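**Student:** Here you go, sequence then predicted model.
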Amino acid sequence: MSRVYNFSAGPAALPTEVLKQAQSEMLDWNGSGMSVMEMSHRGKDYMSIATKAEVDLRELMAIPDNYKVLFLQGGASSQFAMVPINLLNGKKKADYLLTGQWSKKAVAEAKRFCDVNIVADTTDSKFTTVPDAVSLKFDPEAAYVHYTPNETIAGVEFDYIPDTGDVPLVADMSSTILSRNIDVSKFAVIYAGAQKNIGPAGLTIVIIRDDLVGNADSNMPVMLDYKTFVDNDSMYNTPPTYSWYLAGLVFAWGLEKGGMSVIEEVNKRKAAKLYQVIDDSAFYSNPVDVKCRSWMNVPFILANADLDAAFLEQAATKGLMTLKGHRSVGGMRASIYNAMTEAGVDALIAFMKEFESAQA
């Protein structure tokens with residue numbers, strides 16, 4: 001069996017070492033005689049898995065002690081509602097930065113619960129840039145500020161963390177988390193769907209500062225209250241146990257690789273070499289402002305869109321898969337999350353040069 005290079009934006013590739021470990025433990029985890037999928041989430045075996053996963057994530061991200069780590073369901077999209085439900089705390093308005101399709105969805109959901117002030121909107125640029133930090137004017141009376149550091153569809157990311165003063169900062173880090181060092185203390189809430197850098201779909205990580213827990217609207221369902229999960233160690237109901245287990249394997253893998261500083265350096269190098277081949281070519285182009293280019297999601301457009309189908313077909317014969325760009329952008333998109341090796345990026349670059357030469 002040969003593995004392809006999977007450039008999917010999510011569900012994304014997982015580290016081969018993690019998949020092999022999960023394979024070896026599939027029928028019998030640690031002598032238990034059971035698969036992790038069969039374990040009671042309240043049994044001592046599974047509790048040890050859950051505890052280690054949190055400990056390793058805290059170490060990887062240097063999460064301060066005054067933050068809770070929650071392992072939830074519902075995807076990042078559920079957080080579009082849970083954030084206002086839990087953070088408004090009697091206030092009627094919140095600030096949002098609209099810089100892509102995911103922040104656009106977050107805005108739409110928040111409008112169900114409060115008045116949304118759009119501090120910046122890059123729709124007119126077709127989401128190819130982010131606002132300058134000095135241009136942002138936040139409302140000191142807002143309940144919180146929400147933004148999406150990396151937009152997977154357009155491949156645009158913030159090269160700075162917005163300074164919101166005393167107003168809590170909330171970030172949808174679904175495609176940013178674990179890709180680099182992040183100062184968690186600058187954020188009130190970080191949330192992330194798992195299916196990019198964390199693990200398989202089905203799990204959502206929420207990192208929330210202690211003082212923001214327990215303020216949810218009492219009329220809301222208990223399953224939408226962060227305190228429900230804080231009080232029950234993320235096990236108020238049956239959690240996505242296997243996804244949690246696999247995430248734990250990914251966290252351990254990250255530590256074994258040398259931690260976030262090493263992972264960050266590799267990710268910077270992968271992105272730089274891919275953007276370089278695009279910039280050095282008249283055949284390929286990237287529409288995003290250079291200072292706002294995503295490390296994780298690299299869209300590129302062929303000079304002749306009529307060649308898109310041939311590019312994808314020939315790429316597949318080289319084991320380079322899921323490179324088709326999002327329908328709203330077109331062209332190609334290579335998502336190069338942590339599990340995408342440098343060898344995979346190098347193989348893509350070699351093919352891009354080969355394909356371009358063949359068209360000359």
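**Tutor:** Sure thing, it's come through.

**Student:** For the residue nearest to K91 when sequence neighbours are not counted, give me its contacts.
**Tutor:** Excluding its sequence neighbours, the residue lying closest to K91 (C-beta to C-beta, 6 or more residues apart in numbering) is A143, at 3.9 Å. From N, CA and C alone the C-beta is placed, and that goes for glycine too. By C-beta atoms under 8 Å, 6 or more residues apart in numbering, the residues touching A143 are 84, 87-89, 91, 93-94, 114, 167-168.

**Student:** Quick one: buried ones out of those residues?
**Tutor:** When the contacts of A143 are checked for burial by 16 or more other C-beta atoms under 10 Å, the buried set is 84, 87-88, 94, 114, 167-168.

**Student:** Would you tell me which one of the residues you listed comes nearest to S32?
**Tutor:** L87 (39.9 Å; C-beta to C-beta).

**Student:** does the closest one really touch L212, like I thought?
**Tutor:** Yes - using C-beta atoms under 8 Å, L87 is in contact with L212, at 6.2 Å.

**Student:** Overlap of the contact sets of these two?
**Tutor:** 168, 188-189.

**Student:** any chance you could map the strands in this structure?
**Tutor:** Shown for the chain, the strands assigned by DSSP state E span residues 5-6, 67-72, 93-98, 115-121, 145-147, 150-151, 156-157, 169-172, 189-193, 204-209, 284-285, 297-302, 320-321, 332-335.

**Student:** and of the ones you listed, who's closest to N181?
**Tutor:** strand 189-193 (13.4 Å).

**Student:** what about that closest one, average pLDDT?
**Tutor:** Mean pLDDT, strand 189-193: 98.

**Student:** in its sheet, what does that strand sit against?
**Tutor:** According to DSSP bridges, strand 189-193 has the following sheet partners: strand 169-172 (parallel), strand 204-209 (antiparallel).

**Student:** ok and that strand relative to strand 67-72, angle-wise?
**Tutor:** 30 degrees (axes from the mean of the first three to the mean of the last three C-alpha atoms, to 10 degrees).

**Student:** pLDDT (mean, whole number) over the lengthiest helix in the chain?
**Tutor:** Ranked by residue count and defined by DSSP state H, the top helix of the chain is helix 260-279. Helix 260-279 carries an average pLDDT of 98.

**Student:** That one packs against which elements?
**Tutor:** strand 284-285, strand 297-302, helix 342-359 (3 or more C-beta pairs under 8 Å, 6 or more residues apart in numbering; DSSP states H and E).

**Student:** Could you check how far it is from the centre of its chain?
**Tutor:** 17 Å (C-alpha atoms, centre = their mean, to the nearest Å).

**Student:** ditto for stretch 312-327
**Tutor:** 22 Å.

**Student:** can you list the weak-confidence ranges in the protein?
**Tutor:** Counting by pLDDT under 70, the chain contains low-confidence ranges at 1.

**Student:** Pop the domain breakdown of it in here.
**Tutor:** 16-256, 258-359 (automatic domain parsing).

**Student:** Make a markdown table from those domains and add distance to S8 to it.
**Tutor:** A markdown table is the format used below for the domains of the chain (distance: least, C-beta to C-beta, whole Å):
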| stretch | distance to S8 |
| --- | --- |
| domain 16-256 | 9 |
| domain 258-359 | 4 |
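
**Student:** V4 is nearest to which of the ones you listed?
**Tutor:** Here domain 258-359 is closest among those (C-beta to C-beta), at 4.3 Å.

**Student:** What's the end-to-end length of the closest one?
**Tutor:** Domain 258-359 has an end-to-end distance of 42 Å (C-alpha to C-alpha, to the nearest Å).

**Student:** Could you do stretch 333-349 as well?
**Tutor:** Terminal-residue distance, stretch 333-349 (C-alpha to C-alpha): 13 Å.

**Student:** repeat for stretch 182-202
**Tutor:** Note: stretch 182-202 ends 24 Å apart using C-alpha to C-alpha.

**Student:** With stretch 105-117 instead?
**Tutor:** 14 Å.

**Student:** Could you pull out the buried residues of that stretch?
**Tutor:** 106-107, 109-110, 113-114, 116.

**Student:** what residues does that stretch touch?
**Tutor:** 77, 80-81, 83-85, 88, 91-96, 98, 118, 139, 142-143, 146, 148, 172.

**Student:** So what's the gap between that stretch and the chain middle?
**Tutor:** 21 Å.

**Student:** which ones are touching A272?
**Tutor:** By C-beta under 8 Å, 6+ apart, A272 has no neighbours at all.

**Student:** ok, so what distance separates it from G325?
**Tutor:** 21 Å (C-beta to C-beta, to the nearest Å).

**Student:** what does S135 give?
**Tutor:** 29 Å.
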